[in-house]
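**Student:** A predicted structure for the sequence below; I have some questions about it.
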Amino acid sequence: MKRKQLTMEQLGMMSSALMKNLFPTPTKSELLVEANSTAKGDGHYLFFEVSYFDKLTKKMKEQKDNGSYSKSNAENDWLDLMSAVICAESISNFDMSNLRPHFLAK
């Protein structure tokens, strides 16, 4: 599992991309959030199942390489989100009882 704290702006970008099918749609076990946030400051932790993380980051890199981000009026925001997600840390031995599926997971 991978974990990354995203800011509220990054979380909004992620949700927008998922709603517009710009990123692969996760299943309920592939993208999780904390029910009661332990994040410091602005934002929340997202938890990515490794195979979904690999699909997601591959898609993000493809979109960067094909110019999708540079054609957007929010290029820097997309690049910021991509950089943040790619920097997610690998974790093990964590309490799953505080996690729930992301609201856009199927």
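**Tutor:** Everything's here; your move.

**Student:** Mean confidence (pLDDT) on the longest helix seen in the chain, please.
**Tutor:** Using DSSP state H to assign secondary structure, the helix with the most residues in the chain is helix 50-65. Averaged across helix 50-65, pLDDT comes to 95.

**Student:** and the next element down the chain from that helix?
**Tutor:** Next along the chain after helix 50-65, taking DSSP states H and E as the criterion, comes helix 75-86.

**Student:** So in that sheet, which strands flank the helix or strand following that next one, and in what orientation?
**Tutor:** Where DSSP H and E defines the elements, the next helix or strand beyond helix 75-86 is strand 89-90. Partners of strand 89-90 in the sheet, by DSSP bridges, are strand 2-6 (antiparallel).

**Student:** could you give the mean pLDDT of the strand it pairs with?
**Tutor:** Rounded mean pLDDT across strand 2-6 is 95.

**Student:** Residues touching it, excluding its own?
**Tutor:** For strand 2-6, the external contacting residues (Cβ atoms under 8 Å, 6 or more residues apart in numbering) are 14, 39-40, 43-48, 50, 53, 81, 84-85, 87-91, 94. For glycine as for every other residue, the C-beta is placed from the backbone atoms N, C-alpha and C.

**Student:** go with 7 Å
**Tutor:** With contacts defined as Cβ atoms under 7 Å, 6 or more residues apart in numbering, strand 2-6 is touched by 14, 39, 43-48, 50, 53, 84-85, 87-91.

**Student:** Going by neighbour count, which of those are buried?
**Tutor:** Burial by neighbour count, 16 or more other Cβ atoms under 10 Å: within those this picks out Met14, Gly43, His44, Tyr45, Leu46, Phe47, Phe48, Phe53, Ala84, Val85, Ala88.

**Student:** quick one: the last one and Lys40, what's the gap?
**Tutor:** Okay, so that is Ala88. The gap separating Ala88 from Lys40 is 16 Å, by Cβ to Cβ, to the nearest Å.
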